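S.K.: Dropping a prediction and its sequence here:
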Amino acid sequence: MPSPLQFGEWKPDEAPHMSPDLTEAENVLSIAGAYAPFPDHSPIVGTDLPSAAKGLFPTLLPDGTPMIYAATKDTIYLIRNGAIRSLYTPGAISSQRWWFGQVGGKVCAGTDGIAPVGAPLGSAMTPLGGSPPQAAVGSVVDRDFLVLGNLKNEPEDGTVPNRVRWCGMSNPDTWGTDIATGADFEDMHDEGGPVVAIARTGLVFSRRAITRMQRTGNPSTVFQFTTLELERGAVTAGSVCEAGALTAFRADDGFFLHDGTQPIPIGQEKVDGWFADNADNSKIGLMRSGYDPVHRCILWAFAEVGQVANSAMLCFSLANSRWTLIRKAMQDVAPSATLPATIESMPTPDTDPISWDDPSRAGKKPVLAGIDSSSRYGTFTGSNLATTITTGDYQSAPGMRAFIAATRPIIDADTVHVAVGSKPQKTSDALAWGAAVAPGVDGSCPQRADARYHRFRQTTDAGDDWTRSVGLEVDVQKAGER
């Protein structure tokens, strides 16, 4: 008789035996007790970068129209209206990662080995005034201060990897140490190593420490610094992602959320071990992260073992603290907004029921954006990706063998398939998969699987239009009975 099987969490770190948790959850999102499909990346024509992306910074005009800054190893570009334009080329450099920040009416940027640059929105960039140091990392903190970290060309000390320095209030062209402007510097804990990333929330991530810089309101000491962690920091700048008041990051011992006071483990006994086994640690510098404002999740793009570039993304839902895996190769991801439709992109009026002046054509809606493996900018607004959901080993008839006669997927998809894997007697037996079967007219997938342990795999096709998948109804009988 039918037995309900609701899909649990994806916890690849757990043993796949006698647990409701999943062994695979690919290209899906965990939403309200179910799973939903993840949309594909939709490249925008005319936004191809000439080489791999080394930085991405979407920002907005006052009316909400997105302005997209992207950088390659040696050039900063502006992406707008389906075209790219070079804003700054410093010469013969080969940056691994650019940082960006917006303060005092300027978008500022920098990388290791050059002086920081900036300009008003959309304008060509030039070196900032005030002779700021070269900085491997940078960000805007407390809205008014551009903060640089891991510095070179310091006036008296030269290279200081554990130092941060900030500009005068709302003025990225004022530097030094000046009580009148608020410009100053501070050295992080020596044991923490080099500064790896700076978050807008005021958290400074060193390689083995986390420090909070907090506005004091005192002109003589603009920021107060408190060491929150020693022995734990961020593995790379690209692993640090901001989501409102929270900052997510990858440390040597796992994934964490930081609320400004303490780190909260989010990958422990879930995905931390899986990531350590499956990510290529020699390419951890390629890791990039971004917040999806539509689905309220954080994504980390990374290179799997054997891959030369980022090949997949880990996805963490802030709504229910569940993980999934997105099989999409992305060079970078970031929150953005949809672009206004151009005349060239409009369909002919007689083939499209939506008016040309419909508000949907205006863009400006929050969206997850990114640059794909072909260096094309786009948004995650495409058709649904193909999905895979696989359970662990399930004992349908406790204490004995069971015969699976059919499965009924609880999903509103048209092209779903279900396969049953069998282990005859022991959990150590080899898993033998049966054919993937589509539902018949009654909605059930006929199966013939006789074993003590069973595993169930549900798949959907790319482009299939569906919204929720809850689990399966399993038609199970004790082995030998009809």
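M.R.: Structure received.

S.K.: make it CA atoms for all contacts and neighbour counts henceforth
M.R.: Will do.

S.K.: My guess is Ser317 contacts Arg296. True?
M.R.: Yes - Ser317 is in contact with Arg296 according to C-alpha atoms under 8 Å; the separation is 6.3 Å.

S.K.: Among these two, which residue is more densely surrounded?
M.R.: Applying other C-alpha atoms under 10 Å to Ser317 and Arg296 shows that Ser317 carries more neighbours, namely 18 against 15.

S.K.: Which pLDDT does the model give Trp10?
M.R.: pLDDT, Trp10: 97.

S.K.: The one 5 residues further on too?
M.R.: Ala15 carries a pLDDT score of 89 in this model.

S.K.: Give me the distance between the helix or strand harbouring Val160 and the centre of its chain.
M.R.: Element membership for Val160, per DSSP states H and E: strand 158-166. Centroid displacement of strand 158-166 relative to its chain, using C-alpha atoms, centre = their mean, to the nearest Å, is 28 Å.

S.K.: centroid residue for this structure?
M.R.: Leu299 (1.9 Å; C-alpha atoms, centre = their mean).

S.K.: now that one: how far from Arg250?
M.R.: 12 Å (C-alpha to C-alpha, to the nearest Å).

S.K.: What of Thr216?
M.R.: 29 Å.

S.K.: who's more crowded, these two?
M.R.: Arg250 (25 against 12).

S.K.: Give me the contact list for the worst-scoring helix or strand of the chain on mean pLDDT.
M.R.: In the chain, no helix or strand scores lower on mean pLDDT, DSSP states H and E than strand 2-6, which sits at a mean of 80. Strand 2-6 has contacts (C-alpha atoms under 8 Å, 6 or more residues apart in numbering) with 20, 470-476.

S.K.: Just the ones in strands from the residues you listed, please.
M.R.: 470-476 (DSSP state E).

S.K.: Would you mind giving those residues as JSON lines with neighbour count and pLDDT added?
M.R.: Converted to JSON lines, those look like this (neighbours: other C-alpha atoms under 10 Å; pLDDT from 0 to 100):
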{"residue": "Val470", "neighbour count": "18", "pLDDT": "97"}
{"residue": "Gly471", "neighbour count": "21", "pLDDT": "96"}
{"residue": "Leu472", "neighbour count": "22", "pLDDT": "95"}
{"residue": "Glu473", "neighbour count": "17", "pLDDT": "95"}
{"residue": "Val474", "neighbour count": "22", "pLDDT": "94"}
{"residue": "Asp475", "neighbour count": "20", "pLDDT": "93"}
{"residue": "Val476", "neighbour count": "20", "pLDDT": "88"}
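
S.K.: pLDDT score for Pro349?
M.R.: Pro349 is given a pLDDT of 54.

S.K.: go on, Ala386?
M.R.: Reported pLDDT for Ala386: 98.

S.K.: Which of the three states applies to Ile93?
M.R.: coil (DSSP: H, G, I helix; E, B strand; the rest coil).

S.K.: what are the phi and psi values for it?
M.R.: Dihedral pair for Ile93: phi -120, psi 170, per degrees, to the nearest 10.

S.K.: Give me the below-cutoff pLDDT ranges for the stretch 151-300 of the chain.
M.R.: Judged against pLDDT under 70, the stretch 151-300 of the chain has no low-scoring part.

S.K.: Repeat the analysis, applying 80 as the threshold.
M.R.: Applying pLDDT under 80 to the stretch 151-300 of the chain picks out residues 219.

S.K.: Tell me which stretches of it form strands.
M.R.: 158-166, 184-187, 195-198, 203-206, 209-218, 221-230, 241-243, 246-251, 254-258, 263-265, 288-292, 297-302 (DSSP state E, counting those that start in this stretch).
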